[in-house]
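Colleague: Sequence plus the predicted model coming up.
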Amino acid sequence: MTEDEFYAITRKGKRHLLLLDDLVLDGTDYAPYHPGGKFIIERTRGTDISKFFYGGYNLEPQNNGTNYNHTNYARMACNGLIIAKLVRGVNTGLVKIAQESLASQDQMIKTFKFVAAPGTTLSPHIAKHFPIDWTGKHYLMQEKRGDRYVGNIRHYTVSNCMANDSYTDYCKALESHIAVKNGDNQKIYRMQPALLSTQPSTDFSLTLKVYWEAKGFSARMFESSTANDGATWMVKGPMGKSLGV
C-alpha cells in the first residue's frame, strides 16, 4: 500500500487504519476490544502508533500518564490486524556512536552523532537535510549484540537541526539576521550549503534525554557512550507518517 492510498482510506473516516513501523493495521473491528479503550484506536486513526506501542510516549502527558510497553500478546494481536506493508524507502542499518555533545546544562540531554558500523553503509535515504514535508518522520533504534537484538526499541524524531555542526550554523545565521535587523552594518551569514544537502549522508545525529530511573534505551545509550564500549545499534528509517507540511 502506498502512502497516498493509506491517506485516501483514512480521510474517508470509515476504517481505523494505523501504522506500526512499516506495517498497515486495520483496527476498526478491534477497537471495542482494545484494553486501553476504543477511543485510543479512534484518536490515533491515520497516524503512526509506533512510539506509543513501544512505550516511548503516552497520550496524556499533561496528566503524567503512564508509558506502556506492550506485551508479546499485544504484538500477536497486531499481527492479526496487518492488511498491508507500506511502500516507502526505508532501509535498516547498523551504526556506532562517533561523537557526542551536551545539549543541556544539567547534562541530561545529549546529541549523539552516528556513523555506519565497520563494513556497512548508512541507508541512502539518510541525509543532512530533508524536505520540510518530511517533518515528523523518525528513526527506530535498538541495540544489537552479536546476532541478537537486545533491550528496548525506541523511536526518535528526525531533528537534523540539533546536529552539532548544523546547530552552530543555524545559530550563526539567526544571530546575523537579528543583528542586521537591529541596524548593525554587517553581511547576513549564509549557512554552509553542505549542511542543507539532501544527498545521502555518511552520518546523522539524534538528541536524547536520559531517564535513569527507567533504565531504558536512553540510559543504555548514555552508559555506552560514557564507557566507550563500542556498542552497535540497529537503525531503521527515516520512517513514519510525516506532518505533510
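Modeller: Arrived safely, thanks for sending.
Colleague: Provide the contact partners of stretch 143-151 at residue level.
Modeller: 94, 142, 216-217, 220, 224, 231-234 (C-beta atoms under 8 Å, 6 or more residues apart in numbering). All C-beta atoms are positioned from the backbone trio N, CA, C, and that covers glycine.
Colleague: Show me what counts as buried in that stretch.
Modeller: By neighbour count on 16 or more other C-beta atoms under 10 Å, the buried set for stretch 143-151 is 143-144, 151.
Colleague: Restricted to strands, list those.
Modeller: Judged by DSSP state E, strands contain the following of the buried residues of stretch 143-151: 143-144, 151.
Colleague: Now find how far off-centre stretch 10-24 is within its chain.
Modeller: Remark: stretch 10-24 is offset 19 Å from the chain centroid, using C-alpha atoms, centre = their mean, to the nearest Å.
Colleague: average pLDDT for that stretch?
Modeller: The pLDDT scores in stretch 10-24 average 84.
Colleague: export it as PDB, just CAs?
Modeller: The C-alpha coordinates for stretch 10-24 follow below in PDB (Å, rounded to 0.1, in the frame of the first residue of the first chain):
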ATOM      1  CA  THR A  10      -8.200   7.200   6.400                       C
ATOM      2  CA  ARG A  11      -9.600  10.500   5.100                       C
ATOM      3  CA  LYS A  12     -13.000   8.800   4.400                       C
ATOM      4  CA  GLY A  13     -13.200   8.100   8.200                       C
ATOM      5  CA  LYS A  14     -14.800   4.700   7.900                       C
ATOM      6  CA  ARG A  15     -11.700   2.500   8.600                       C
ATOM      7  CA  HIS A  16      -9.300   3.000  11.500                       C
ATOM      8  CA  LEU A  17      -6.000   2.400   9.700                       C
ATOM      9  CA  LEU A  18      -2.800   2.700  11.800                       C
ATOM     10  CA  LEU A  19       0.900   2.400  11.100                       C
ATOM     11  CA  LEU A  20       3.200   0.300  13.200                       C
ATOM     12  CA  ASP A  21       6.700   0.600  11.800                       C
ATOM     13  CA  ASP A  22       6.200  -0.100   8.100                       C
ATOM     14  CA  LEU A  23       3.000  -2.200   8.600                       C
ATOM     15  CA  VAL A  24      -0.500  -1.100   7.900                       C
END
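Colleague: tell me which residues in that stretch are buried?
Modeller: 10, 16-24.
Colleague: my read is residue 97 is in a strand, agree?
Modeller: Yes - assessed by DSSP: H, G, I helix; E, B strand; the rest coil, residue 97 belongs to a strand.
Colleague: Next secondary structure after the biggest helix by length in the chain?
Modeller: Longest helix in the chain by number of residues (criterion: DSSP state H): helix 164-181. If you walk from helix 164-181 toward the C-terminus, the next helix or strand you reach (DSSP states H and E) is strand 203-209.
Colleague: Can you name the residues in contact with the helix or strand that that following strand is followed by?
Modeller: Downstream of strand 203-209, the first helix or strand assigned by DSSP H and E is helix 217-227. The contact list for helix 217-227, computed with C-beta under 8 Å, 6+ apart, reads 97, 100, 110, 112, 141-143, 151-154, 208-212, 231, 233.
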